[in-house]
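Chemist: I would like the atomic coordinates for the input below:
(chains A and B)
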Amino acid sequence: MTEDTDAMVSLMMDEEVAPAAAADPEAPPAPRTRMRARGVDVFYADKQALFDVDIDLAQNKVTALIGPSGCGKSTFLRCLNRMNDIIDICRVSGSITLDDRDIYGRDIDVVQLRARVGMVFQKPNPFPKSIYENVAYGPRIHGLANRGSELDDIVEHSLRRAGLFDEVSDRLQQPGTSLSGGQQQRLCIARAIAISPEVILMDEPCSALDPIATAKVEELIDELREHYTIAIVTHNMQQAARVSQFTAFFHLGVLVEFEATEQIFTNPHDQRTQDYITGRFG
Amino acid sequence: MTDIAQPGAQPGAPAGAWQDADWTERRLRRRYRAERRFKIYGLVAVCIALAFLAILIGSVVATGYPAFVRTSVALEVNFDPKVLGLGEAPTADELHGAEYPTLLRETIFATFPEVTTRKERRKLLKLVSKDARFELRELVLADPSIIGTTRRVWLTASSDVDMLIKGNANRDAPEDERRLDDRQIAWIDSLGASGFVETGFNGAFFTNADSREPEIAGIGGAIMGSFYMLLVTLVLTFPIGVTAAIYLEEFAPKNRITDMIEVNINNLAAVPSIVFGLLGLAVFINLFHLPRSAPIVGGLTLTLMTLPTIIIAARSALKAVPPSIREGAYGVGASPIQVVFHHVLPLAMPGILTGTIIGMARALGETAPLLMIGMVAFIVDIPGGPFDPATALPVQIFLWADSPERGFVEKVSAAILVLLAFLIAMNAVAIYLRRKFEVRF
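Modeler: This is a model prediction of the structure:
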């Protein structure tokens, strides 16, 4: 196992990671890069989970992170809003910037960062409070609304944007946990966008949902792209192909390939990517 | 307990065993037998436990319930100012210090004019409680206009009479083995025949403090002492315990020092309570010179004893809050303090409250540490605050259990019943709170 990863690290050395812009020669103006990760290593205690990862997240694009279980894609995602800070034994090195400012820098307040880089989790995790409170909580603690009516507007706007408002408009005071799984996940998305983040991270947002709810969330992701920069971890390769513009393939903690989605799924450079997307392993 | 059927791996199983109906049936029967046997063991264990509980409660109730009833004797009292030694228009002080013992004596002698010898008259006095004179005083103080009139007054009977009326004393025993001799019993019977002896609910048992006389001893003082003590304990343990638990569970770095603290807290929860009593004696009384026998010291000592329990309960309640809630809150940019106070603590509250109430219930029943800090003293006043000398319910039980008088036996059981009632009530509140505020996911 370790020999394997060592070999791959050396492989990575001479492999050039294509910058996001260069990957898509047809796009005339290069999309603006919002987040940039360079040489990111992550350790859980003594075990290294990520090896020297370089990825750019482009404005108004969806970047999918794919790879077999345990390959470090969720770990990488959680580095982007410093969720890994909660885990005591986790150590992150390398540089990750948001608009060219190091998010691990001394002058960055992690709470502020998480307001700018929102997150949606694998399992829908609404707070055990009312639907309204779920969405209103973020704006309230960040002081985004001065009056009650402003807060009402934010809640309605966020729920509309998450495509949930029409379904729940008559029962905003009911507990968020009373909704169905798909509705709960869209509630969590509404909760994330209520604080107007710039980047939204989604950690397998559809893995606990049925196909219909999944379709709705995917549609939603495509709409959200207009306003936000999105990174999504997924196990479902069709989903990655459907919703993303860029795809990063991780294997055993190593970023194997990072290309335009079309490129990855039609003509991957690396044999491992080829094997994975054709279902030969993973 | 379960036998895993693996025909191939079992050397004893005949070939093609699954087709062999006999073999299968034998195995099945054996399994059913084992299951039935185990069920019976469990039932027997539960029945034994229930039987012991029933015996315990039954015997306590059987000995204790007469204590909730007490005997009174009616006497025609002539509130003669001359006997009371009062002049015209007496002051409040004079009323307070009037000759009530003489009044009581004269009244009893007047009720039985045929008794004239000194010795017999002394026996006569034993029929009514020594504290009946205070009851007379209360009457006069409440309404001074009764002076000079004659009233029928119900006075508390002496414990010996009380026992006789309730049937706890054996009338047929030889005279020299009885507390009351034949004459005294005859007097009581004559009073009873004319309707001058009555039993009624013993409200004084709940309002009086301890006394040397069993008939007027009550648990009022002990209840107040326990109340002040628990108040001190609750006010101190709840905030300290919960804050400590939150810090250890949510904020403390995981290193050798916090590991040490955790191990020590777990060990402290298992330390015998008498050790905390010694600690309380050394620290609060000898070092800080707090008053002896006071609920404040008892409360502080019980705080030391209860803290580990509450910290452990609160930590496990905090730990039980699903991590997804924390992540969700961190994800929308809540600070660690906001995560704890807006999300984790409200969800952990039912568990914390349950742990606190159960810790309090344990503190309420604790006796040993209170003995060390002097709360075992004989105190006849009801404490007015946490700095007054007091005793506590379980200590009161301990004190009475030590007393030789027959009248205290039923008091012990009655006090145990009251203590049990408090404990059951507290546990019921804990269960109610848990049911009410539990949030399901």
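
Chemist: so how far is stretch B:374-393 off the chain centroid?
Modeler: In terms of Cα atoms, centre = their mean, to the nearest Å, the centre of stretch B:374-393 is set 15 Å apart from its chain centre.

Chemist: list the contacts of that stretch.
Modeler: B:209-211, B:219-226, B:228-229, B:231-232, B:285, B:291-299, B:364, B:367, B:370, B:395, B:398-399, B:415, B:418-419, B:422 (Cβ atoms under 8 Å, 6 or more residues apart in numbering or on different chains). C-beta here means a position set from N, CA and C on the backbone, and glycine is covered the same way.

Chemist: residues from chain A in reach of chain B?
Modeler: A:81, A:83, A:86, A:88, A:111-115, A:118-121, A:123, A:125-128, A:137-138, A:141-142, A:177, A:188, A:191-192, A:194-195 (Cβ under 8 Å from any Cβ of the partner chain).

Chemist: just the buried residues of the residues you listed.
Modeler: Among the residues of chain A next to chain B, the ones that count as buried by 16 or more other Cβ atoms under 10 Å in any protein chain shown are A:81, A:83, A:111, A:113-115, A:118-121, A:123, A:125-128, A:137-138, A:141-142, A:177, A:188, A:191-192, A:194-195.

Chemist: so where do the helices sit in the stretch 1-150 of chain B?
Modeler: Here the stretch 1-150 of chain B has its helices, by DSSP state H, counting those that start in this stretch, at B:21-64, B:81-84, B:92-96, B:100-111, B:118-125, B:132-142.

Chemist: find the helix or strand that the closest residue to B:A430 other than its chain neighbours is a member of.
Modeler: Excluding its sequence neighbours, the residue lying closest to B:A430 (Cβ to Cβ, 6 or more residues apart in numbering or on different chains) is B:I357, at 4.0 Å. Assigning secondary structure by DSSP states H and E places B:I357 in helix B:345-364.

Chemist: show me what the helix or strand following that helix is packed against.
Modeler: Using DSSP H and E, the next helix or strand after helix B:345-364 towards the C-terminus is helix B:368-372. In this structure, helix B:368-372 makes packing contacts with helix B:273-280, helix B:295-319, helix B:393-401, judged by 3 or more Cβ pairs under 8 Å, 6 or more residues apart in numbering or on different chains; DSSP states H and E.

Chemist: could you redo these as JSON lines and give each row mean pLDDT?
Modeler: Below are the helices and strands packed on helix B:368-372 laid out as JSON lines (pLDDT from 0 to 100):
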{"stretch": "helix B:273-280", "mean pLDDT": "93"}
{"stretch": "helix B:295-319", "mean pLDDT": "94"}
{"stretch": "helix B:393-401", "mean pLDDT": "93"}
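
Chemist: could you identify which of these is most buried?
Modeler: Comparing those by mean neighbour count (mean count of other Cβ atoms under 10 Å in any protein chain shown), helix B:295-319 comes out on top with a mean of 24.

Chemist: which residue does the stretch 51-200 of chain B have closest to chain A?
Modeler: B:L53 (38.1 Å; Cβ to the nearest Cβ).

Chemist: list the contacts of that residue.
Modeler: For B:L53, counting by Cβ under 8 Å, 6+ apart, there are no contacting residues.

Chemist: so for it, what pLDDT did the model give?
Modeler: Looking at B:L53, its pLDDT reads 95.

Chemist: repeat that for B:R362.
Modeler: 91.

Chemist: now it: how far from A:C206?
Modeler: 50 Å (Cβ to Cβ, to the nearest Å).

Chemist: of these two, who's got more company?
Modeler: A:C206 (24 against 16; other Cβ atoms under 10 Å in any protein chain shown).

Chemist: next one: phi and psi at that one?
Modeler: When read as degrees, to the nearest 10, the backbone of A:C206 gives phi -110, psi 0.

Chemist: that one contacts A:Q238, doesn't it?
Modeler: No: between A:C206 and A:Q238 there is no contact under Cβ atoms under 8 Å: 11.0 Å.

Chemist: need the three-state assignment for A:R34.
Modeler: Here A:R34 is strand, with the state taken from DSSP: H, G, I helix; E, B strand; the rest coil.

Chemist: just give me the neighbour total for it.
Modeler: Neighbours of A:R34 (other Cβ under 10 Å): 22.

Chemist: show me which residues of the stretch 201-350 of chain B are close to chain A?
Modeler: Residues of the stretch 201-350 of chain B lying near chain A (Cβ under 8 Å from any Cβ): B:253-254, B:322, B:324-335, B:338, B:342-343, B:347.

Chemist: circling back to that earlier point, right, and the helices of the stretch 1-150 of chain B - which one's nearest B:L164?
Modeler: helix B:118-125 (13.8 Å; Cβ to Cβ).
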